[in-house]
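*Asks:* Curious how this folds, go ahead:
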Amino acid sequence: MWPVLTGVLGWGIVLVGFAWYVAEDRRLKIEPPLPPRAQLSLLLLYQSDRLNLYNKGRDDLYLWGDKLEGYPASFEKDARTIPADGFYYFLTEDLKRTMLGSVGPDGERLLSFETYLSDEGDHRYVAKFALLIKMKAGQMEIHTQQLGSVIEDWKALGSKSPTAQEAAQRVMLLERLRREYILSHDGISPALAAGTELPPQDWINGRLHELGQNWRIKIMDDKLNYETFPASIP
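*Replies:* Residues are numbered from 1 along each chain as shown. Just a heads-up that it's a prediction; the model follows:
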């Protein structure tokens, strides 16, 4: 009797399991993909030496890159996961040094900041913020304003932009070229000597060509901020 019952129950389990598999497989095939969200639930706040980007939504988000006004966008090859109700932080030590050079120990500046994200449905978003950066006696405060998010495919931008590591290497190379220019030229301005101004754009791009670099720069009106672009683009 037991072998018969075991066989019947075993087949019953198999049949139930098969029926569940078929139903689940059919559900997955029929169920449409999740639509993109009209707005991401994000909050950017400054804390000590970092900017914290909080994900206040119910689903994980994936951070691919960011852009600070006046600087090229930077992207990672692998996304950083921001779990639901979690956060990701950006260190601000380099930003502090930049602000000391551009506005001095006492001053302020308003900059835009963007982050490039995707969700689990691979929908892409750009989240936008405003940063009011205040320097007081050499110390930095950042007041943030949330400007919302938009559905925007930034993939093409990411394919043309350097990774975070490449962007850092470019900053170091430009600093090396600044020092080289100071040592090889007369009549150096106080701003160039202090690091709050870059050498002439044509000279930098000429040196980048001589060094075999595949990128060039366009210096902004303040002579400090710049954009980079591939060498093949005039």
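
*Asks:* got the residue ranges for the helices in this protein?
*Replies:* Taking DSSP state H, the helices of the chain run over residues 2-30, 93-103, 155-160, 164-184, 190-194, 201-210.

*Asks:* what's the angle between the fourth one and helix 201-210?
*Replies:* Okay, so that is helix 164-184. 110 degrees (axes from the mean of the first three to the mean of the last three CA atoms, to 10 degrees).

*Asks:* Show me what helix 164-184 is packed up against.
*Replies:* strand 74-82, helix 190-194, helix 201-210 (3 or more CB pairs under 8 Å, 6 or more residues apart in numbering; DSSP states H and E). Yep, even glycine has a C-beta here, placed from its N, CA and C like the rest.

*Asks:* Indicate which one of those is closest to E166.
*Replies:* With CB to CB as the criterion, E166 lies closest to strand 74-82 of those, at 7.7 Å.

*Asks:* returning to what we had before: can you tell me which of the helices of the chain the model trusts least?
*Replies:* Among these, helix 2-30 has the lowest mean pLDDT, at a mean of 47.

*Asks:* which residues does the nearest residue in space to A127 that is not next to it in sequence contact?
*Replies:* Leaving aside its chain neighbours, A127 sits nearest to S149 (4.2 Å; criterion: CB to CB, 6 or more residues apart in numbering). For S149, the contact set (CB atoms under 8 Å, 6 or more residues apart in numbering) comprises 39-40, 42, 117, 125-128.

*Asks:* what's the distance between S149 and A79?
*Replies:* Remark: distance between S149 and A79 (CB to CB, to the nearest Å) = 16 Å.

*Asks:* Next: K96.
*Replies:* From K96 to A79 the distance is 27 Å (CB to CB).

*Asks:* quick revisit: please tabulate the helices and strands packed on helix 164-184 in CSV, including the columns mean neighbour count and distance to L110.
*Replies:* Output for these, formatted as CSV (neighbours: other CB atoms under 10 Å; distance: least, CB to CB, whole Å):
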stretch, mean neighbour count, distance to L110
strand 74-82, 15, 21
helix 190-194, 13, 21
helix 201-210, 14, 25
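
*Asks:* need these in a markdown table with distance to L177, can you?
*Replies:* Listed next are the helices and strands packed on helix 164-184 as a markdown table, based on distance: least, CB to CB, whole Å:
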| stretch | distance to L177 |
| --- | --- |
| strand 74-82 | 20 |
| helix 190-194 | 12 |
| helix 201-210 | 6 |
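
*Asks:* of all those, which lies closest to L91?
*Replies:* L91 sits nearest to strand 74-82 of all those, at 13.3 Å, using CB to CB.

*Asks:* which strands and helices sit next to that closest one?
*Replies:* Going by 3+ CB pairs under 8 Å, 6+ apart, strand 74-82 lies up against strand 61-68, strand 107-118, helix 164-184.

*Asks:* The same query, at a cut-off of 7 Å, please.
*Replies:* For strand 74-82, the packing partners by 3 or more CB pairs under 7 Å, 6 or more residues apart in numbering; DSSP states H and E come out as strand 61-68, helix 164-184.

*Asks:* so of the ones you listed, which one's packed in deepest?
*Replies:* strand 61-68 (a mean of 20; mean count of other CB atoms under 10 Å).

*Asks:* Packing partners of that one?
*Replies:* Looks like strand 61-68 contacts strand 74-82, strand 107-118 (3+ CB pairs under 7 Å, 6+ apart).

*Asks:* how does it look with 10 Å?
*Replies:* For strand 61-68, the elements it packs on are strand 50-55, strand 74-82, strand 87-91, helix 93-103, strand 107-118, strand 124-136, helix 155-160, helix 164-184, judged by 3 or more CB pairs under 10 Å, 6 or more residues apart in numbering; DSSP states H and E.
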